[in-house]
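In: test case, fold it:
(2 chains)
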Amino acid sequence: GAVVSQHPSRVICKSGTSVKIECRSLDFQATTMFWYRQFPKKSLMLMATSNEGSKATYEQGVEKDKFLINHASLTLSTLTVTSAHPEDSSFYICSAREGAGTGDSPLHFGNGTRLTVT
Amino acid sequence: QKEVEQNSGPLSVPEGAIASLNCTYSDRGSQSFFWYRQYSGKSPELIMFIYSNGDKEDGRFTAQLNKASQYVSLLIRDSQPSDSATYLCAVIGSGGYQKVTFGTGTKLQVIP
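Out: Residues are numbered from 1 along each chain as shown, chains lettered A, B, ... in the order given. This next block holds a predicted model:
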């Protein structure tokens, strides 16, 4: 089945620094990738849709200047949390669909990145 | 009104019993429905997907879809303690955006 790799799985950083999270589709090409955020005991919240070769589409309330998304190739999307603060501490999960991301194909998730900002 | 609704639980069932997880959705034009299992501290993993009305079976899992009632369910037969997790219902809406909307999840506890 489709595999999505996310790295790092866990990161601790100091307040004010930036953190980059990578998401790779290992055995398929993904024109579209999705970034989610999840707080403890809460459901997934879609942050943005990452589009290969174009700007990401951010959900309402998500600061695009704080959460920088780059989708430079069909197999790699990155999320950079800039000037991180303790309230950015969360579980970040990327996902992708095979092919052009259209149609009914299910999302495949990376293993997630647990970010802790001290 | 939430777009995808699930009872948060916890739903407790004895080992070997059938666990029934339910989900309703508001977008009548939705066509694609997914069930994910999420263990604590882990990311979701796909259990099943269903597109057509009726039942779809895969091993101990059966997904049921009723578009007229805007209702999708997941049955887990012969529940095992390892099935204890949060189950997320996900729906692709009718807009051209193919946005996937998740329910808040139902926590299932299988009691040995």
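In: rest of the way, CA atoms for contacts and neighbours
Out: Will do.
In: show me the strands in chain B, by range?
Out: In chain order, chain B shows strands spanning B:4-5, B:11-14, B:19-25, B:32-38, B:45-50, B:54-58, B:61-66, B:71-76, B:85-92, B:100-102, B:106-111, with DSSP state E as the criterion.
In: cool, and chain A?
Out: Taking DSSP E as the criterion, chain A carries its strands at A:4-7, A:10-13, A:19-25, A:32-38, A:45-51, A:57-58, A:67-73, A:76-81, A:90-96, A:108-109, A:113-117.
In: quick one: which of those strands is nearest B:Gln38?
Out: strand A:108-109 (10.8 Å; C-alpha to C-alpha).
In: what's the closest one packed up against?
Out: Helices and strands in packing contact with strand A:108-109 are listed as strand A:90-96, strand B:45-50; criterion 3 or more C-alpha pairs under 8 Å, 6 or more residues apart in numbering or on different chains; DSSP states H and E.
In: poorly predicted segments of chain A, please.
Out: Counting by pLDDT under 70, chain A contains low-confidence ranges at A:1, A:99-104.
In: quick one on the thing from earlier: hey, which of the helices and strands packed on strand A:108-109 is tucked in deepest?
Out: Per residue and on average, the most neighbours among the helices and strands packed on strand A:108-109 fall to strand A:90-96, with a mean of 26 (mean count of other C-alpha atoms under 10 Å in any protein chain shown).
In: got the angle between it and strand A:76-81?
Out: On the basis of axes from the mean of the first three to the mean of the last three C-alpha atoms, to 10 degrees, strand A:90-96 is oriented at 160 degrees to strand A:76-81.
In: show me what contacts B:Val100?
Out: The contact partners of B:Val100, by C-alpha atoms under 8 Å, 6 or more residues apart in numbering or on different chains, come to B:Ala90, B:Val91, B:Ile92, B:Gly93.
In: against A:Ser105, how distant is the third one?
Out: What that stands for is B:Ile92. In this view, B:Ile92 and A:Ser105 are 10 Å apart by C-alpha to C-alpha, to the nearest Å.
In: quick one, which of these two is more surrounded?
Out: When neighbours are counted by other C-alpha atoms under 10 Å in any protein chain shown, B:Ile92 comes out ahead of the other of B:Ile92 and A:Ser105, with 23 against 18.
In: hmm, B:Ile18 and B:Arg77 touching each other?
Out: Yes - between B:Arg77 and B:Ile18 there is a contact under C-alpha atoms under 8 Å: 4.5 Å.
In: top of the contacts of B:Val100 by neighbour count?
Out: Greatest neighbour count in the contacts of B:Val100, by other C-alpha under 10 Å, goes to B:Val91: 28 neighbours.
In: ok, what's across the strand from that residue?
Out: Counting by DSSP bridges, B:Val91 forms beta bridges with B:Phe33, B:Thr101.
In: verify the contact between it and B:Phe102 for me.
Out: Yes - with contact taken as C-alpha under 8 Å, B:Val91 and B:Phe102 are classed as touching, separated by 6.5 Å.
In: what sits against the residue in chain A that chain B sits nearest to?
Out: Evaluated by C-alpha to the nearest C-alpha, chain A has A:Ser43 as its residue closest to chain B, separated by 4.6 Å. Residues in contact with A:Ser43 (C-alpha under 8 Å, 6+ apart) are B:Phe102, B:Gly103, B:Thr104, B:Gly105.
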